[in-house]
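*Asks:* sequence plus the predicted model coming up.
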Amino acid sequence: NAGVTQTPKFQVLKTGQSMTLQCAQDMNHEYMSWYRQDPGMGLRLIHYSVGAGITDQGEVPNGYNVSRSTTEDFPLRLLSAAPSQTSVYFCASRKLAGGPSEQYFGPGTRLTVT
Amino acid sequence: EDQVTQSPEALRLQEGESSSLNCSYTVSGLRGLFWYRQDPGKGPEFLFTLYSAGEEKEKERLKATLTKKESFLHITAPKPEDSATYLCAVQGETSGSRLTFGEGTQLTVNP
């Protein structure tokens, strides 16, 4: 199993540009989520999904959009990039059946918005 | 709203010097408490899940314990390769499947 994969690993955007961060998992996990990690602020939840066709907002959803058309993929779209979105983004997945389970993280995407 | 506070923010140890990291939490009905390790430039890596007060889990030099208000990650005779940021997260009854993370403790073990 490849686990959780993310692309790209690094990205530089200009203010106002849009882009999509890709996330895929091959563990058949129902739950997928996106976090951003900033110094001194820990991991903050952006959006999450409990299954194909179902998404919901997390703690910091503004400026981001998600969709979940398949179990495997959960892309994160930045609609109009702003310098405040400079951060490291992590995708994660976990199974839902059988009670609380560990969450697996991808390697991250380091995004810089100039 | 679930809350997690980790202390200290940073900890420097000499190789072999045992210590503990603290994770205090506030949650309406704990479903699970999770410990992760994160190396620089990488995603968090799962270490332990604890479900109820009194539970303990061990892995090599690490031992995690849980009370009704906090969890400790005990590191016995640490080695330089234990240097990393350690994250704590909780899942509460009212948070659905979402996890709430603390800000982490950055551990440095000097040889």
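*Replies:* In hand now; what should we look at? All values reported here derive from a predicted model rather than from experimental measurement. Numbers count the residues shown, from 1 in each chain, chains lettered A, B, ... in the order given.
*Asks:* can you check the pLDDT for residue 67?
*Replies:* Reading this off chain A. Looking at residue A:67, its pLDDT stands at 96.
*Asks:* you answered for a different chain; I wanted chain B.
*Replies:* We have a pLDDT of 96 for residue B:67.
*Asks:* how distant is the longest strand seen in chain A from the center of its chain?
*Replies:* Ordering each strand of chain A by length in residues (DSSP state E) puts strand A:42-51 first. Offset of strand A:42-51 from its chain centre (C-alpha atoms, centre = their mean, to the nearest Å): 7 Å.
*Asks:* which helices and strands does that strand pack with?
*Replies:* Applying 3 or more C-beta pairs under 8 Å, 6 or more residues apart in numbering or on different chains; DSSP states H and E, one finds that strand A:42-51 contacts strand A:31-38, strand A:54-57, strand A:64-66, strand B:84-92, strand B:100-101. C-beta here means a position set from N, CA and C on the backbone, and glycine is covered the same way.
*Asks:* what does it rub up against?
*Replies:* With contacts defined as C-beta atoms under 8 Å, 6 or more residues apart in numbering or on different chains, strand A:42-51 is touched by A:30-38, A:55-61, A:64, A:66, A:68, A:71, A:74, A:76, A:89-90, A:96, B:44, B:87, B:89, B:96-99, B:101-104.
*Asks:* thinking again about what came up before, rebuild the helices and strands packed on strand A:42-51 as CSV, extending it with mean neighbour count and distance to residue A:108.
*Replies:* Listed next are those as CSV, based on neighbours: other C-beta atoms under 10 Å in any protein chain shown; distance: least, C-beta to C-beta, whole Å:
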stretch, mean neighbour count, distance to residue A:108
strand A:31-38, 23, 8
strand A:54-57, 14, 21
strand A:64-66, 19, 16
strand B:84-92, 24, 13
strand B:100-101, 22, 15
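*Asks:* just send these back as CSV, with distance to residue B:67 too.
*Replies:* Formatted as CSV, the helices and strands packed on strand A:42-51 follow (distance: least, C-beta to C-beta, whole Å):
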stretch, distance to residue B:67
strand A:31-38, 27
strand A:54-57, 31
strand A:64-66, 36
strand B:84-92, 13
strand B:100-101, 18
